[in-house]
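1. Sequence and predicted structure are below.
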Amino acid sequence: MKEDKTMEVMYSSTRDAGVKVTASQAILKGLADDGGLFVPDAIPALDVGLQELSKLNYQETAYVVMKQFLTDFTEEELKRCINAAYDSKFDVKQIAPLKEADGAYYLELFHGPTIAFKDMALSILPHLLITAARKNKVENDIVILTATSGDTGKAALAGFADVEGTKIIVFYPKNGVSPIQERQMVTQKGKNTFVVGIHGNFDQAQTGVKQMFSDKALAELMDKNGYQFSSANSINIGRLVPQIVYYVYAYTRLLADGVIAEGEPVNVVVPTGNFGNILAAYYAKNMGLPIAKLICASNENKVLYDFFETGKYDKNRAFMLTSSPSMDILISSNLERLIYRIAGNDAQKNAQLMKSLSEEGVYEISEDMKKQLSDFYGNYTGEEETAAVIKDLYEKAGYVIDTHTAVAAGVYHKYKEQTKDTAKTVIASTASPFKFTRSVMHAIDPAYDSKTDFELVDELSRISGVKIPQAIEEIRSAPILHDTVCEVEEMPSVVKKFLGISADGTDQRG
């Protein structure tokens with residue numbers, strides 16, 4: 001086989017241009033020491049033609065895309081990670097099938113073990129991380145520290161459960177996730193898993209996690225006890241790169257099925273909270289994938305919509321709890337990678353904007369930067385509209401979508417009305433409706449409200465003709481294994497206690 005001549009891609013921090021690390025080092029660290037996010041020095045171009053890509057399966061497509069970014073992984077290492085991730089854990093051979101309904105193409109990203117799109121990246125991240133640790137001669141145990149607005153937590157727990165050399169600690173807002181999401185997390189098995197509810201919202205959980213990452217004294221204490229932190233949040237480049245794959249795969253499926261001609265541009269609609277999933281589509285476009293508009297869909301926490309409208313990012317607003325809880329976010333961490341890019345890869349300029357965000361809760365980009373956002377369209381779908389979209393699509397097409405996907409479909413309708421754009425459109429369907437049965441069934445008919453959560457699951461299966469996913473069946477009777485709840489300020493002491501580290505650094509595990 002001919003030697004692959006892929007150029008090495010190095011990663012730098014969005015806040016310090018002097019930082020240069022390899023892909024495996026960036027995956028291992030998760031977050032740069034200065035609080036910045038790792039970004040590739042250049043976005044590589046696809047080196048295989050679209051027609052050729054359309055003949056490949058998901059695993060083969062993943063290799064073509066990921067080798068361009070993870071250039072210090074060998075072919076054997078990367079293929080091993082891909083094949084271990086995208087296997088029978090997914091309930092369909094295509095991994096991410098496309099379903100046409102009411103004139104749009106729904107990219108179903110929820111066929112993995114936890115029935116949410118986070119599985120697409122979190123099935124492979126543990127393998128990338130362990131490979132990266134070996135590559136960099138790391139002897140410490142890796143402690144995955146994650147904040148979740150509902151889906152990342154379970155997907156990360158499932159990915160890392162009982163993976164040797166790792167421990168995983170997940171913080172979630174105690175009253176800010178759906179009952180099924182919470183049950184999926186608190187029933188998680190695995191000697192190395194720990195789930196903690198916090199009295200607070202997702203942004204507070206995420207800020208608490210970020211503070212622990214940048215706490216040098218805590219890092220020293222951890223190291224002394226044989227541990228080091230890494231992240232499974234969407235800030236880790238090892239999460240972002242696998243997400244680029246499914247946009248490339250979706251385009252090439254449309255091509256293979258004769259829905260589009262080679263090179264014909266398509267639009268992509270993504271329901272967005274932390275901005276990682278739509279950023280992956282933006283990276284795919286920059287690799288040469290023919291994406292026209294990147295349609296950014298928000299729920300009533302519409303901080304991103306306001307940003308695209310005005311160029312001003314302002315998190316100083318009421319935090320709404322909605323029926324699409326994974327998007328109940330006011331600090332979209334991954335947006336920083338886009339800001340850095342439209343600032344001309346100027347780390348200093350980006351660092352100033354992020355400082356303003358952390359100190360004042362607001363920043364504003366220049367007119368010049370605003371012009372570079374023309375690829376994006378932002379809008380939002382309110383709570384009543386979201387429910388109406390679910391009901392309407394079910395009545396028209398017999399197709400049931402979850403609340404997050406409905407936010408995206410609602411925004412797509414608004415976009416089409418405003419622009420009259422008729423380009424073929426892919427909507428990222430980010431979670432199974434079975435994960436949000438109460439909201440979904442209420443939208444279809446409020447008469448369902450009297451039923452229990454699991455009665456609703458059975459009813460949803462009946463009306464949609466879709467088999468109940470294994471992820472739901474297994475939590476019907478699973479015992480609750482995690483019941484820790486803490487205040488935001490107690491997060492570091494909870495972590496130390498789980499790891500058996502006392503405040504003075506002595507190991508308390510014996």
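-> Okay, I see it.

2. All the strands of the stretch 51-200 of the chain, in order from the start?
-> When assigned using DSSP state E, counting those that start in this stretch, the strands of the stretch 51-200 of the chain occupy the ranges 98-101, 104-108, 141-147, 166-173, 193-199.

3. Measure how the fourth one sits relative to strand 141-147, angle-wise.
-> Strand 166-173 and strand 141-147 meet at an angle of 10 degrees, taking axes from the mean of the first three to the mean of the last three Cα atoms, to 10 degrees as the criterion.

4. gap between the helix of greatest length in the chain and the chain center?
-> Ranked by residue count, the top helix of the chain under DSSP state H comes out as helix 237-256. Using Cα atoms, centre = their mean, to the nearest Å, the distance from the centre of helix 237-256 to the centre of the chain it belongs to is 14 Å.

5. Could you dump the strands of the stretch 51-200 of the chain into CSV and include mean neighbour count?
-> All C-beta atoms are positioned from the backbone trio N, CA, C, and that covers glycine. Below are these laid out as CSV (neighbours: other Cβ atoms under 10 Å):
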stretch, mean neighbour count
strand 98-101, 16
strand 104-108, 23
strand 141-147, 24
strand 166-173, 25
strand 193-199, 21
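
6. can you tell which of those strands is closest to Tyr305?
-> For Tyr305, the closest of the strands of the stretch 51-200 of the chain is strand 104-108, at 19.9 Å, according to Cβ to Cβ.

7. The closest one pairs with which strands, parallel or anti?
-> The partner list of strand 104-108 in its sheet, established with DSSP bridges, is strand 98-101 (antiparallel), strand 425-429 (parallel).

8. Ends of stretch 43-56, what's the gap?
-> The first and final residues of stretch 43-56 sit 22 Å from each other (Cα to Cα, to the nearest Å).

9. For that stretch, buried residues please.
-> Of the residues in stretch 43-56, those buried by neighbour count under the rule 16 or more other Cβ atoms under 10 Å are Ile43, Pro44, Val48, Leu50, Leu53, Ser54, Leu56.

10. And for stretch 369-388?
-> For stretch 369-388, the buried set under the neighbour-count rule, 16+ other Cβ under 10 Å, comprises 369-370, 373, 376-381, 383, 385-387.

11. Spatially, which two of these are the most separated?
-> Every pair in the buried residues of stretch 369-388 was compared (Cβ to Cβ); the two farthest apart turn out to be Met369 and Ala387, at 36.1 Å.

12. if we can go back for a sec, export the strands paired with strand 104-108 as JSON lines, with columns for distance to Leu125.
-> Putting the strands paired with strand 104-108 into JSON lines (distance: least, Cβ to Cβ, whole Å) gives the following:
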{"stretch": "strand 98-101", "distance to Leu125": "24"}
{"stretch": "strand 425-429", "distance to Leu125": "19"}
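
13. Figure out which of the ones you listed is closest to Phe117.
-> With Cβ to Cβ as the measure, strand 425-429 is the member of those nearest Phe117 (6.9 Å).

14. contacts for that closest one?
-> Contacting residues not belonging to strand 425-429 are listed as 98-99, 104-110, 117, 247, 250-251, 254, 266-271, 277, 281, 295, 401-402, 405, 408-409, 412 [Cβ atoms under 8 Å, 6 or more residues apart in numbering].

15. Try it again at 6 Å.
-> 104-108, 250, 266-270, 405, 408-409 (Cβ atoms under 6 Å, 6 or more residues apart in numbering).

16. Could you measure from Phe90 over to Tyr58?
-> Applying Cβ to Cβ, to the nearest Å, the value for Phe90 to Tyr58 is 9 Å.

17. And for Arg341?
-> According to Cβ to Cβ, Arg341 and Tyr58 sit 28 Å apart.

18. swap in Lys435?
-> Distance, Lys435 to Tyr58, using Cβ to Cβ: 22 Å.

19. Look at the two and report which has more neighbours.
-> Just comparing Lys435 and Tyr58: by other Cβ atoms under 10 Å the higher neighbour count belongs to Lys435, 27 against 20.

20. Test for you: state the pLDDT assigned to that one.
-> We have a pLDDT of 92 for Lys435.

21. Is it part of a helix or strand, or is it coil?
-> Reduced to three states with DSSP: H, G, I helix; E, B strand; the rest coil, the structure at Lys435 is helix.

22. now the helices for the stretch 251-400 of the chain?
-> Counting by DSSP state H, counting those that start in this stretch, the stretch 251-400 of the chain has helices at residues 276-286, 303-310, 335-342, 347-360, 367-371, 383-397.

23. closest to Val21 out of those?
-> With Cβ to Cβ, the closest approach to Val21 among the helices of the stretch 251-400 of the chain belongs to helix 347-360: 13.9 Å.

24. Now do the same for that closest one: mean pLDDT, whole number.
-> Mean pLDDT, computed over helix 347-360, is 96.

25. cool, and stretch 13-27?
-> In this model, stretch 13-27 has an average pLDDT of 96.

26. list the buried ones in it?
-> Residues 13-17, 19, 21-27 are the ones in stretch 13-27 that count as buried (16+ other Cβ under 10 Å).

27. contact partners of it?
-> Applying Cβ under 6 Å, 6+ apart, the contact partners of stretch 13-27 are 10-12, 32, 34, 36-39, 70, 72, 128-129, 132, 135, 237-238, 336, 340, 347, 350-351.

28. again, only this time at 7 Å
-> 9-12, 32, 34-39, 69-73, 128-129, 132, 135-136, 236-238, 336-337, 340, 347, 350-351, 354 (Cβ atoms under 7 Å, 6 or more residues apart in numbering).

29. Tell me where the stretch 401-510 of the chain has strands.
-> Along the stretch 401-510 of the chain, the segments classed as strands by DSSP E, counting those that start in this stretch run 425-429, 484-487.

30. CA atoms only for the shortest one, dumped as CSV, please.
-> Spelled out, that is strand 484-487. As requested, C-alpha coordinates have been extracted for strand 484-487 and formatted as CSV (Å, rounded to 0.1, in the frame of the first residue of the first chain):
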residue,chain,number,x,y,z
THR,A,484,-24.6,12.4,45.2
VAL,A,485,-25.8,16.0,45.0
CYS,A,486,-23.7,19.0,45.8
GLU,A,487,-23.5,22.8,45.7
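
31. That strand - which strands sit beside it in the sheet, and in what orientation?
-> Each strand that pairs with strand 484-487, with its direction, by DSSP bridges: strand 193-199 (parallel).

32. among the strands of the stretch 401-510 of the chain, which is nearest Val64?
-> When the strands of the stretch 401-510 of the chain are compared by Cβ to Cβ, strand 425-429 sits nearest Val64, at 18.9 Å.

33. centre of the chain versus the closest one, how much separation?
-> 15 Å.

34. do stretch 330-339 as well
-> On Cα atoms, centre = their mean, the centre of stretch 330-339 falls 13 Å from the chain's centre.

35. Just the CA trace of it, in PDB.
-> What follows is stretch 330-339, C-alpha atoms only, in PDB (Å, rounded to 0.1, in the frame of the first residue of the first chain):
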ATOM      1  CA  LEU A 330     -25.900  30.600  27.600                       C
ATOM      2  CA  ILE A 331     -22.100  30.100  27.200                       C
ATOM      3  CA  SER A 332     -21.500  28.300  23.900                       C
ATOM      4  CA  SER A 333     -17.900  27.100  24.500                       C
ATOM      5  CA  ASN A 334     -17.200  26.000  20.900                       C
ATOM      6  CA  LEU A 335     -18.100  29.400  19.500                       C
ATOM      7  CA  GLU A 336     -14.600  30.400  20.600                       C
ATOM      8  CA  ARG A 337     -13.100  28.300  17.800                       C
ATOM      9  CA  LEU A 338     -15.100  30.200  15.200                       C
ATOM     10  CA  ILE A 339     -14.300  33.600  16.800                       C
END
